[in-house]
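S.K.: Here is a sequence with its predicted model. Questions after.
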Amino acid sequence: MLEEKQSLRQDILKKRDEMSVEEQLDNSHAIMEKTVAHYEFLQAEEILVYVNYKSEVNTKGIIEYAFMLGKKVYCPKVLAEGEMEFFRIFSIGDLKEGYKGIFEPENIQERQWKPSDKTPLLLMPGAVFDRQGHRIGYGKGFYDRFLEKTGDFPGTRAALAYGMQVKEEIPFEGHDKKAAVIITEQEIIDCL
């Protein structure tokens with residue numbers, strides 16, 4: 001199964017990387033518009049959102065829109081091999097180049113996200129998804145471990161992906177954490 005996941009990951013990431021910058025930006029804009037108009041985004045008080053890297057769906061517009069609506073925004077920071085936490089940012093300027101060149105917030109304990117009575121929305125990246133919400137990430141397990149630590153994540157887990165990253169079915173394992181919603185440039189897929 002690992003080989004099958006790795007092969008699928010490589011194939012889709014190669015295709016994603018081959019998209020033109022214009023196509024990535026156009027599709028990212030369409031995904032942003034669907035995301036910020038979605039009920040789960042509008043009702044969430046806290047937005048936990050990745051900072052896009054390379055050919056991933058661009059999240060900067062979503063982050064800016066969340067600030068405009070007065071939401072608390074948290075971005076991931078890699079702390080150690082396989083360990084990732086989310087820390088609050090107050091502007092895009094709070095992000096500095098970190099793990100593998102990805103822009104990250106500072107590790108400031110008082111800004112670390114903790115489950116509370118606030119309604120969070122987690123926006124996840126990934127390599128490949130299926131229509132049931134299964135996700136193949138980049139092979140490091142950061143999101144699976146983060147979600148494992150939070151226990152039953154108190155909000156919605158949504159994935160942002162280009163339509164070409166979504167397949168009917170993909171191989172998955174019991175410890176893989178599913179997305180409840182997948183937002184692409186073409187559609188919003190309710191998975192649960």
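M.R.: Nice, thanks for sending it over.
S.K.: quick check, distance from the helix or strand of the chain with the lowest mean pLDDT to the centre of its chain.
M.R.: Among the helices and strands of the chain, helix 142-150 carries the lowest confidence by mean pLDDT, DSSP states H and E, at a mean of 88. Relative to its chain's centre, helix 142-150 lies at 13 Å (C-alpha atoms, centre = their mean, to the nearest Å).
S.K.: Please apply the same query to stretch 79-94.
M.R.: From the chain centre to the centre of stretch 79-94 is a distance of 13 Å (C-alpha atoms, centre = their mean).
S.K.: In this protein, what residue spans correspond to strands?
M.R.: Ranges of strands within the chain are 46-49, 72-80, 83-89, 96-97, 103-104, 120-124, 128-130, 135-136, 156-160, 166-167, 181-183, 188-190, based on DSSP state E.
S.K.: wait, doesn't E97 sit right on K77?
M.R.: No: here E97 lies out of contact with K77, judged by C-beta atoms under 8 Å, at a distance of 11.8 Å. Heads up, the C-betas are built off the backbone N, CA and C, glycines and all.
S.K.: Identify the contacts common to the two.
M.R.: E104 (C-beta atoms under 8 Å, 6 or more residues apart in numbering).
S.K.: For these two, indicate the residue with more neighbours.
M.R.: Neighbours were counted for E97 and for K77 using other C-beta atoms under 10 Å; K77 has more, 24 against 9.
S.K.: roughly how far apart are the nearest residue to the more buried one once chain neighbours are set aside and G126?
M.R.: Nearest residue to K77, sequence neighbours excluded (C-beta to C-beta, 6 or more residues apart in numbering): E104, at 4.3 Å. Note on E104: its distance to G126, by C-beta to C-beta, to the nearest Å, is 18 Å.
S.K.: looking at the strands of the chain, which is closest to N27?
M.R.: Closest approach to N27 among the strands of the chain (C-beta to C-beta): strand 156-160, 10.2 Å.
S.K.: mind exporting that closest one as PDB, just the C-alpha atoms?
M.R.: In PDB, the C-alpha atoms belonging to strand 156-160 read as follows (Å, rounded to 0.1, in the frame of the first residue of the first chain):
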ATOM      1  CA  THR A 156     -14.300  21.100  10.600                       C
ATOM      2  CA  ARG A 157     -11.300  19.700   8.600                       C
ATOM      3  CA  ALA A 158     -11.400  21.000   5.100                       C
ATOM      4  CA  ALA A 159      -8.900  20.300   2.300                       C
ATOM      5  CA  LEU A 160      -8.000  22.700  -0.500                       C
END
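S.K.: where's that strand relative to the chain centroid, distance-wise?
M.R.: Taking C-alpha atoms, centre = their mean, one finds strand 156-160 lying 7 Å from the centre of the chain it belongs to.
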